[in-house]
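Q: Just need the structure, nothing else, for what follows:
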Amino acid sequence: MPLASLPLADPGRPDLSSSLAFLRWLRRSQRRGQVLSTCWALLEMGCQAALPIPLGYGVQAAVDGDAAGIWRAGAAVIALAAVTSLATVLLHRQAVWNWLHAVTQVRQSVARQASQLGGALSRRIATGEVVAVGSGDVAKIGWYVELTARLRAAVLVWLAVGAVILVVEPLLGLAVLLGVPVLAVSVWPLLGPFERRYDEQRALGGKATTLAADTVAGLRVLRGIGGEELFLARYRAASQEVRAAAVRSARIWSLMQAQQVLLPGLFVVGVTWYGARLAADGRLAVGTLVAVYGATVYLAGPLRILGEAAHAWSVARVSGGRAVRLLSLDRADEAVAGDSPGSVLGRAERGDLYDPATGLTARAGELTAVVCGDPDFAGALAERLGGHVPRTEGEPAQPSVRLGGTELDAVPLAEARAAVLVHDKEPVLLSGTLAGLLDIPASGRVAAAEALAAARADDVLEALVDGSPDCAGDVMRARITERGRSLSGGQRQRLALARSLLADPPVLVLDEPTSAVDAHTEARIAAGLRENRAGRTTVVFATSPLLLDRADRVVLVHEGRAVAAGRHRELMDTEPAYRAVVTRAVEPAVVGEGG
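A: Here you go, the predicted model:
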């Protein structure tokens with residue numbers, strides 16, 4: 001099976017009813033790979049299990065002085081060894097493919113979920129948890145999915161070996177058929193404690209990852225205030241908690257490993273002792289004893305696989321449960337489109353954007369500024385205007401935002417995202433070239449140079465070129481460091497704004513797009529934004545008079561409701577609450593009082 005088929009065109013829709021159902025779905029999605037892996041494992045293990053037969057035959061032939069029998073036994077051993085080698089290569093190749101397939105499915109599902117939830121993801125679940133699911137947990141899940149094929153083969157070969165020994169010597173065969181499952185089950189009492197300790201280790205590891213991510217992201221600020229040692233001490237303490245939890249898990253796991261060596265060893269000793277007594281009494285031929293001994297020793301292999309499967313199951317169940325919790329976050333995103341004629345994208349060109357919860361209306365083709373006294377509420381409202389916003393458990397349901405009369409929550413997510421683009425207050429710049437940053441789905445109406453000019457990013461481009469000597473003066477080849485950390489906050493804001501302007505969506509929602517730039521640059525950006533978005537619906541959440549003065553219409557949202565609308569200068573004269581927010585007065589005025 002070619003590895004070129006990865007990544008998958010569509011990872012599918014997982015069964016999220018439980019961790020076990022999720023793992024079953026992963027196995028079912030690679031049926032052909034599981035069948036092939038089982039076949040190659042049967043061939044490999046079957047040849048290994050059959051190897052003691054010609055060996056015993058050869059020993060018996062040597063005892064009897066049969067030279068031809070010795071040659072036949074040697075030829076059979078060579079043939080079985082050759083087939084085993086070929087089957088081992090094929091099994092390893094297929095097992096790696098099965099592991100990669102399962103890992104890719106989970107990672108693509110996590111990436112799709114992160115894309116669908118957008119900025120709400122970090123509010124619903126810790127960043128470290130997402131990273132841990134996409135890195136460590138997927139490896140554990142893939143291990144279990146890959147191992148199931150070898151487990152099936154091990155069980156079938158154990159039954160076959162037990163049946164053969166049962167025919168040769170009933171009592172020994174009965175011991176093999178009953179003893180192996182008893183040895184396999186003996187490890188299960190340890191699985192519960194191990195699973196609990198591993199779950200604790202996994203939870204502490206996610207917290208430590210989150211703390212590390214926060215520390216790295218705020219390293220520049222920490223150095224400025226001398227807080228590196230404080231955060232280092234916190235991370236050191238978290239790391240020690242993870243280490244202690246890992247040691248506790250390792251103790252149980254080492255006990256399980258020791259049990260898998262000791263008990264099969266005692267089993268082999270017992271079977272061999274009994275077979276030797278039969279041979280000494282003349283009831284069992286020497287060659288047969290060698291064959292029975294070899295087959296019994298071989299069974300240590302399937303026993304190890306059974307123990308490995310028990311371990312893989314215990315960690316995969318924990319990891320699968322965490323993946324299910326992540327993937328289950330409001331997966332009602334794939335709503336079916338309504339029967340209303342025309343797409344949302346078409347309606348967006350001519351329809352108003354209306355939020356029933358607040359009464360906010362952004363008129364089609366206008367630049368609407370929204371003023372809120374609460375920055376957190378402003379951010380949540382900006383996100384709401386994009387539709388398909390996940391709700392926190394226990395939070396009351398709110399009516400959907402409407403665009404051109406159509407509820408955004410009632411249309412497919414991809415169509416809603418194409419119609420309304422929400423520019424986050426803290427946009428993320430991924431590492432790579434500037435050309436890669438600007439390589440996004442766009443209408444084609446706005447050129448990259450125009451978007452950069454409207455965002456007043458001239459000095460940003462110069463900084464990128466200066467920091468990328470290998471770009472040979474080509475700004476599009478200039479490299480952006482991870483999360484744009486080599487740039488200032490204002491420079492990152494302007495690059496992100498240029499990216500949003502280049503996309504040129506029918507409706508663009510901007511949340512404080514100039515909060516990190518100086519007043520002179522902000523005034524130039526306000527002019528560029530108005531010119532670039534002329535005739536397109538734009539909503540800007542801001543409190544800066546430089547932006548508000550450029551808006552066609554300003555809406556004041558106070559205590560969760562749109563309470564006043566008009567031009568900036570009019571509201572400054574007539575609305576004390578508006579004036580208090582814009583001028584940052586200490587005591588906010590009461591809405592509706594003249595002045």
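Q: From L171, how far out is the residue nearest to L289 when sequence neighbours are not counted?
A: Of all residues not flanking L289 in the chain, A279 sits nearest, at 4.5 Å (C-beta to C-beta, 6 or more residues apart in numbering). (Glycine included, C-beta is placed from N, CA and C.) Computed as C-beta to C-beta, to the nearest Å, the A279 to L171 distance reads 14 Å.
Q: more neighbours, those two?
A: A279 (18 against 13; other C-beta atoms under 10 Å).
Q: Give me the pLDDT for the more buried one.
A: As predicted, A279 sits at a pLDDT of 75.
Q: Also H558?
A: For H558, pLDDT reads 91.
Q: Also M476?
A: Taking M476 on its own, its pLDDT is 90.
Q: quick one, phi psi at it?
A: phi -70, psi -20 (degrees, to the nearest 10).
Q: and the nearest residue to it once chain neighbours are set aside, what helix or strand is that in?
A: In space, and not counting its chain neighbours, M476 is closest to A435: 4.1 Å by C-beta to C-beta, 6+ apart. Per DSSP states H and E, A435 falls inside helix 434-437.
Q: Could you do Q113 as well?
A: helix 67-117.
Q: same check, this time on V370
A: Here V370 is assigned to strand 367-372, by DSSP H and E.
Q: by contact count, what packs against that strand?
A: helix 375-384, strand 537-541, helix 545-548, strand 553-558, helix 576-582 (3 or more C-beta pairs under 8 Å, 6 or more residues apart in numbering; DSSP states H and E).
Q: pull the CA atoms of the shortest one into PDB?
A: The C-alpha coordinates for helix 545-548 follow below in PDB (Å, rounded to 0.1, in the frame of the first residue of the first chain):
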ATOM      1  CA  PRO A 545     -11.500  58.800  17.400                       C
ATOM      2  CA  LEU A 546      -9.100  58.500  14.400                       C
ATOM      3  CA  LEU A 547     -11.000  55.300  13.300                       C
ATOM      4  CA  LEU A 548     -14.400  56.400  14.500                       C
END
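Q: what is the mean pLDDT for it?
A: 92.
Q: Give me the helices and strands touching the top helix by length along the chain, please.
A: The longest helix of the chain (DSSP state H) is helix 228-280. For helix 228-280, the helices and strands in contact under the criterion 3+ C-beta pairs under 8 Å, 6+ apart are helix 170-185, helix 188-217, helix 219-225, helix 286-298, helix 300-327.
Q: one more time with 6 Å
A: helix 188-217, helix 286-298, helix 300-327 (3 or more C-beta pairs under 6 Å, 6 or more residues apart in numbering; DSSP states H and E).
Q: In a markdown table: these, plus mean neighbour count and mean pLDDT.
A: Putting the helices and strands packed on helix 228-280 into a markdown table (neighbours: other C-beta atoms under 10 Å; pLDDT from 0 to 100) gives the following:
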| stretch | mean neighbour count | mean pLDDT |
| --- | --- | --- |
| helix 188-217 | 18 | 71 |
| helix 286-298 | 21 | 74 |
| helix 300-327 | 22 | 80 |
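Q: Determine which of the ones you listed approaches L117 most closely.
A: helix 300-327 (9.6 Å; C-beta to C-beta).
Q: Which other helices and strands does that closest one contact?
A: Counting by 3+ C-beta pairs under 6 Å, 6+ apart, helix 300-327 packs on helix 19-28, helix 67-117, helix 138-168, helix 188-217, helix 228-280.
Q: Just name the most buried of those.
A: Stretch with highest mean neighbour count among the helices and strands packed on helix 300-327: helix 138-168 (a mean of 21; mean count of other C-beta atoms under 10 Å).
Q: And it, how far out from the chain middle?
A: From the chain centre to the centre of helix 138-168 is a distance of 30 Å (C-alpha atoms, centre = their mean, to the nearest Å).
Q: by contact count, what packs against it?
A: When contacts are defined as 3+ C-beta pairs under 6 Å, 6+ apart, helix 138-168 packs onto helix 19-28, helix 31-50, helix 67-117, helix 170-185, helix 300-327.
Q: which of those has the lowest average pLDDT?
A: Across the helices and strands packed on helix 138-168, helix 170-185 gives the lowest mean pLDDT, at a mean of 71.
Q: by contact count, what packs against that one?
A: By 3+ C-beta pairs under 6 Å, 6+ apart, helix 170-185 packs against helix 138-168.
Q: before we move on, the earlier item: R524: which of the helices and strands packed on helix 138-168 is closest?
A: helix 67-117 (32.9 Å).
Q: and V581, how many neighbours?
A: 21.
Q: still on that earlier bit, mind putting the helices and strands packed on helix 138-168 into JSON lines with distance to T537?
A: Formatted as JSON lines, the helices and strands packed on helix 138-168 follow (distance: least, C-beta to C-beta, whole Å):
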{"stretch": "helix 19-28", "distance to T537": "41"}
{"stretch": "helix 31-50", "distance to T537": "48"}
{"stretch": "helix 67-117", "distance to T537": "23"}
{"stretch": "helix 170-185", "distance to T537": "65"}
{"stretch": "helix 300-327", "distance to T537": "33"}
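Q: I'd like to know how far the residue sitting furthest away from the middle of the chain sits from L487.
A: Taking C-alpha atoms, centre = their mean, the residue of the chain most remote from its mean C-alpha position is G65, at 65.4 Å. Distance of G65 to L487, computed by C-beta to C-beta: 87 Å.
Q: now swap in Y235 and tell me
A: 26 Å.
Q: quick one, phi/psi of V428?
A: The phi/psi pair for V428 (degrees, to the nearest 10) is phi -100, psi 130.
Q: Got the confidence number for it?
A: 77.
Q: and D10, which of the three is it?
A: Three-state call for D10 (DSSP: H, G, I helix; E, B strand; the rest coil): coil.
Q: ok, and the closest non-adjacent residue to R350?
A: A364 (5.6 Å).
Q: Where does that neighbour sit: helix, strand or coil?
A: Per three-state DSSP, A364 ends up coil.
Q: and it, what pLDDT?
A: pLDDT at A364 comes out at 92.
Q: so it touches R536, yeah?
A: No: A364 is beyond contact range of R536, at 9.0 Å (criterion: C-beta atoms under 6 Å).
Q: Backbone dihedrals for A526, please?
A: The phi/psi pair for A526 (degrees, to the nearest 10) is phi -60, psi -40.
Q: Revised request: answer the last question for P441.
A: Taking degrees, to the nearest 10 as the convention, P441 sits at phi -60, psi 130.
Q: show me what contacts the closest residue to it other than its chain neighbours?
A: Leaving aside its sequence neighbours, P441 sits nearest to A503 (C-beta to C-beta, 6+ apart; 6.8 Å). Taking C-beta atoms under 6 Å, 6 or more residues apart in numbering, we find A503 in contact with 421, 440, 442.
Q: Around the residue nearest to L385 when sequence neighbours are not counted, how many other residues sit close by?
A: The shortest distance from L385 to any non-neighbouring residue, by C-beta to C-beta, 6+ apart, is to V509 (5.0 Å). Residue neighbour count, defined by other C-beta under 10 Å, stands at 26 for V509.
Q: So V509, which state does it fall into?
A: Taking three-state DSSP, the label given to V509 is strand.
Q: I'd like to know how far it sits from V96.
A: V509 is 45 Å from V96, by C-beta to C-beta.
Q: mind giving me the domain ranges of the protein?
A: 3-327, 344-582 (automatic domain parsing).
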